[in-house]
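Visitor: okay, predicted coordinates and the sequence, questions at the end:
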Amino acid sequence: MNWKVRIVLFTILLTSIFPYSGSSQRLIPVLEGWAGNTVNAVVFRKNSIVTHQKIQYIAFYDQDGKVVLGKRKLNSKKWELNTTQYNGNVKDAHNSISIMVDGDGYLHVSWDHHVQPLNYVKSLSPNSLFLTDKMPMTSLLETNVTYPEFYMLPNGDLLFMYRDGHSGQGNLVINRYDLRTKHWSQLHGNLIDGEHSRNAYWQAYVDHLGVIHLSWVWRSSGDVATNHDMAYARSVDGGITWQKTSGELYELPIRAANAEYAWRIPQKSELINSTSMAADEDGNPYIANYWRDIDSSVPQYRVIRFSGKGWQSYNLNFRSLGFSLRGGGTKSIPISRPQILVKGKAEKTQVYLLFRDAQRGSKVSMASSTDLLNNVWKIRDLSSMNVGNWEPSFDTELWKTTKKLHVFVQNVAQIDGEGIAKVKPEMVYVMEAIK
């Protein structure tokens, strides 16, 4: 059986095992990739897939740890792939690949970081999958990089965020790429100061007006059990100045003492870090996370929302399987960190939460609400297939422009504390959820 026939049969098989309740879907196979841990499928990948001018790009590690790039025209099943000259330490699940396309069509790539020197390249030309040699961005604070994330601004400029330092002792760095000059500059070398006692695990979102929303939990040591509280800041001038929801300007750097707290959450609450956030069409931020109440042993998914007048927290409260978070390294957790998507405004706001839960068979699942004020949710599975320890990431730019949901999906394993599972490579594919 030749490879073309195999791809056709594989696509038919995937289509049969991924019913999408109340809608249709397509699964687009790409190539088999490394699956011995979650490095290809962690929630903080910004981005794993991204669309620019009807061309969708994807990045992942293959079985040998090589960085693979791909692109396709939207609505096509045919991928053009390039196994690049670069590789990463896939044995550490922190070392994910992040990509973004700037307003001129150049692909920017950063990969393989866990308190390591910056790895950054861009494409040789617009729409190309071939990459430059490694280069610095600003040559400032580029020796201890973790959690690289790209974000696009409405004018085509890019932001690049990363942690400088270690777990429990780190600061947030923000760089900006100027489309006109083709150069990076450092906006902040220490936007959120851990004061050598803690670090911020953030999530960010750029809304349709260009407002940058930033929220974070504090961690007081390398132990995930010391995660606590949810804080918030926003910038209305491209990341230069930062303010609270009241409009009060922050004195920078932001510290634990002067931060605005969206919700107070004590340590040892099974609060997870590095999740996701979004905003509605009125610019009100929404934050997704999970934690447990003091009188419960079961962590529940939560949505924290600013209504325009104050902060509110919603407990989805559909879970019954308890677990406890302790220690360092990448954890093997029975649920994924969630991704949140929001569209509409006021009473027409729709909220979606993408997740994976062992008590639902570790499938690709979604919680949706069209009545968040009354905390009414519908829970459904988008797949019938077990995806292991997968966490969701999706095409953020396609969602912003078209409200179409394309999700990076791969069946991956994760042994607790940065262990490596002895598994074969698994197919990487894009799941198109089409209403």
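Guide: That came through fine.
Visitor: mind listing the strands for the stretch 201-350 of the chain?
Guide: 212-219, 227-235, 260-263, 276-279, 285-291, 300-306, 311-315, 339-343, 350-355 (DSSP state E, counting those that start in this stretch).
Visitor: now do the stretch 51-200 of the chain
Guide: 55-61, 66-73, 80-87, 97-101, 107-111, 120-122, 145-152, 158-166, 169-178, 183-188, 199-206.
Visitor: returning to what we had before: rebuild the strands of the stretch 201-350 of the chain as JSON lines, extending it with mean pLDDT, mean neighbour count and distance to Asp178.
Guide: Placement of C-beta: from N, CA and C, glycine included. As requested, the strands of the stretch 201-350 of the chain are exported to JSON lines (pLDDT from 0 to 100; neighbours: other C-beta atoms under 10 Å; distance: least, C-beta to C-beta, whole Å):
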{"stretch": "strand 212-219", "mean pLDDT": "97", "mean neighbour count": "24", "distance to Asp178": "16"}
{"stretch": "strand 227-235", "mean pLDDT": "98", "mean neighbour count": "23", "distance to Asp178": "16"}
{"stretch": "strand 260-263", "mean pLDDT": "98", "mean neighbour count": "18", "distance to Asp178": "29"}
{"stretch": "strand 276-279", "mean pLDDT": "98", "mean neighbour count": "24", "distance to Asp178": "24"}
{"stretch": "strand 285-291", "mean pLDDT": "98", "mean neighbour count": "25", "distance to Asp178": "26"}
{"stretch": "strand 300-306", "mean pLDDT": "98", "mean neighbour count": "23", "distance to Asp178": "30"}
{"stretch": "strand 311-315", "mean pLDDT": "98", "mean neighbour count": "17", "distance to Asp178": "34"}
{"stretch": "strand 339-343", "mean pLDDT": "98", "mean neighbour count": "22", "distance to Asp178": "29"}
{"stretch": "strand 350-355", "mean pLDDT": "98", "mean neighbour count": "22", "distance to Asp178": "33"}
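Visitor: what number of residues lie near the residue lying closest to Thr226 once chain neighbours are set aside?
Guide: Spatially, and ignoring its direct neighbours in sequence, Thr226 is nearest to Ser220 (4.1 Å; C-beta to C-beta, 6 or more residues apart in numbering). Other residues within reach of Ser220, judged by other C-beta atoms under 10 Å, total 17.
Visitor: got it, and the one 3 residues further on?
Guide: The burial count assigned to Asp223 is 16, neighbours taken as other C-beta under 10 Å.
Visitor: tell me the spacing between it and Gly238.
Guide: Applying C-beta to C-beta, to the nearest Å, the value for Asp223 to Gly238 is 36 Å.
Visitor: and the pLDDT for the residue lying closest to Arg45 once chain neighbours are set aside?
Guide: In this structure, Arg45 finds its nearest non-sequential neighbour in Ser393, 4.4 Å apart by C-beta to C-beta, 6+ apart. On pLDDT, Ser393 comes in at 98.
Visitor: you'd agree Ser393 is up against Leu341?
Guide: No: applying C-beta atoms under 8 Å, one finds Ser393 not in contact with Leu341, separated by 11.8 Å.
Visitor: returning to that earlier point: so what's the residue nearest to Thr226 up against?
Guide: Ser220 is in contact with Gly168, Ser197, Arg198, Thr226, His228, Gln267, counting by C-beta atoms under 8 Å, 6 or more residues apart in numbering.
Visitor: who's in contact with the closest residue in space to Gln312 that isn't next to it in sequence?
Guide: Distance criterion C-beta to C-beta, 6+ apart; nearest residue to Gln312, sequence neighbours excluded, is Arg305 at 5.2 Å. Counting by C-beta under 8 Å, 6+ apart, Arg305 makes contact with Asn284, Pro285, Tyr286, Ile287, Trp311, Gln312, Ser313, Tyr314, Leu372.
Visitor: report pLDDT for the first one.
Guide: If I follow you right, that is Asn284. 97.
Visitor: is it true that it touches Val303?
Guide: No: in this structure Asn284 lies outside contact range of Val303 using C-beta under 8 Å: 11.8 Å.
Visitor: beta partners for the residue nearest to Gln312?
Guide: Residues in a beta bridge with Arg305, per DSSP bridges, are Tyr286, Gln312.
Visitor: could you identify which of the contacts of Ser220 has the most neighbours?
Guide: Arg198 (23 neighbours).
Visitor: and that one, what does it touch?
Guide: By C-beta under 8 Å, 6+ apart, the neighbours of Arg198 are Gly168, Gln169, Trp218, Arg219, Ser220, Ala256.
Visitor: if you set the cut-off to 7 Å instead, what comes out?
Guide: Listed by C-beta atoms under 7 Å, 6 or more residues apart in numbering, the contact set of Arg198 reads Gly168, Trp218, Arg219, Ser220, Ala256.
Visitor: swap in Gly329?
Guide: Gly417, Glu418.
Visitor: check the one 3 residues further on too.
Guide: For Ser332, the set of contacting residues under the criterion of C-beta under 7 Å, 6+ apart consists of Asn389, Gln414, Ile415, Asp416.
Visitor: want to try a markdown table for the strands of the stretch 201-350 of the chain, with distance to Ser383 as columns?
Guide: Shown next, in a markdown table, are the strands of the stretch 201-350 of the chain (distance: least, C-beta to C-beta, whole Å):
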| stretch | distance to Ser383 |
| --- | --- |
| strand 212-219 | 29 |
| strand 227-235 | 29 |
| strand 260-263 | 31 |
| strand 276-279 | 20 |
| strand 285-291 | 20 |
| strand 300-306 | 18 |
| strand 311-315 | 25 |
| strand 339-343 | 15 |
| strand 350-355 | 11 |
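Visitor: ok, which of those comes nearest Lys331?
Guide: strand 227-235 (11.6 Å; C-beta to C-beta).
Visitor: that older thread, and of the contacts of Ser332, the nearest to Ser139?
Guide: Gln414 (34.8 Å).
Visitor: tell me the contacts of that closest one?
Guide: Contacts of Gln414 by C-beta under 7 Å, 6+ apart are Asn37, Thr38, Ala93, Thr330, Ser332, Asn389.
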